[in-house]
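# Sharing a sequence plus its predicted fold:
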Amino acid sequence: MNRQDRDEGINSVAVESTVDRPDGISGIKYNERTAMQSPSLTCPYCGREIELSQALTHSIEEKLSRQLVGRLQKEVQEMEAAALERAKVEYTPELEELRKRIEEKEKKLKESAAVELQLRQTKSA
């Protein structure tokens, strides 16, 4: 038997062992070829094999993702509130000035309309 035949023989043998949990759900499957890699779990609902490291990583990633999204939403809300406050402080005096100008122009327009009406009445009389 040469080395290649011996290596192929080793690679073609796969011995799996399953550890069952006390609650009856099939547990972790170990594959001797991949024993140095991560063990896998069999999903009790769909039967799909999931690497244990992937299952743990996915759970942690989801938790961190939710935390990050929550933090980012809070930061966005705080930044929006700060921007609104800054805009109020910065633009309130300008808005007040513009309102006063509008009121003055409306007052002058009414006065001009009253004067024009009075002039028309005196011409027609």
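Arrived safely.
# Next, G47: secondary structure please.
Under DSSP: H, G, I helix; E, B strand; the rest coil, the three-state class of G47 is coil.
# Got the phi and psi for it?
phi 80, psi 0 (degrees, to the nearest 10).
# From E85, how far out is it?
56 Å (C-beta to C-beta, to the nearest Å). Bear in mind the C-beta positions are built from the backbone N, C-alpha and C, glycine included.
# Point out the other helices and strands that whatever helix or strand T122 lives in packs with.
Assigning secondary structure by DSSP states H and E places T122 in helix 52-124. Here helix 52-124 touches strand 40-42, going by 3 or more C-beta pairs under 8 Å, 6 or more residues apart in numbering; DSSP states H and E.
# who does the strand it packs on touch, helix- and strand-wise?
strand 26-31, strand 49-51, helix 52-124.
# Adding mean pLDDT and distance to C43, write those out as CSV.
Putting those into CSV (pLDDT from 0 to 100; distance: least, C-beta to C-beta, whole Å) gives the following:
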stretch, mean pLDDT, distance to C43
strand 26-31, 49, 10
strand 49-51, 81, 6
helix 52-124, 91, 9
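# Same list, these, but as JSON lines with distance to T42 and mean neighbour count please.
Below are these laid out as JSON lines (distance: least, C-beta to C-beta, whole Å; neighbours: other C-beta atoms under 10 Å):
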{"stretch": "strand 26-31", "distance to T42": "5", "mean neighbour count": "15"}
{"stretch": "strand 49-51", "distance to T42": "6", "mean neighbour count": "13"}
{"stretch": "helix 52-124", "distance to T42": "11", "mean neighbour count": "10"}
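# Save those as a markdown table, and put in distance to P39 too.
Output for these, formatted as a markdown table (distance: least, C-beta to C-beta, whole Å):
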| stretch | distance to P39 |
| --- | --- |
| strand 26-31 | 5 |
| strand 49-51 | 8 |
| helix 52-124 | 5 |
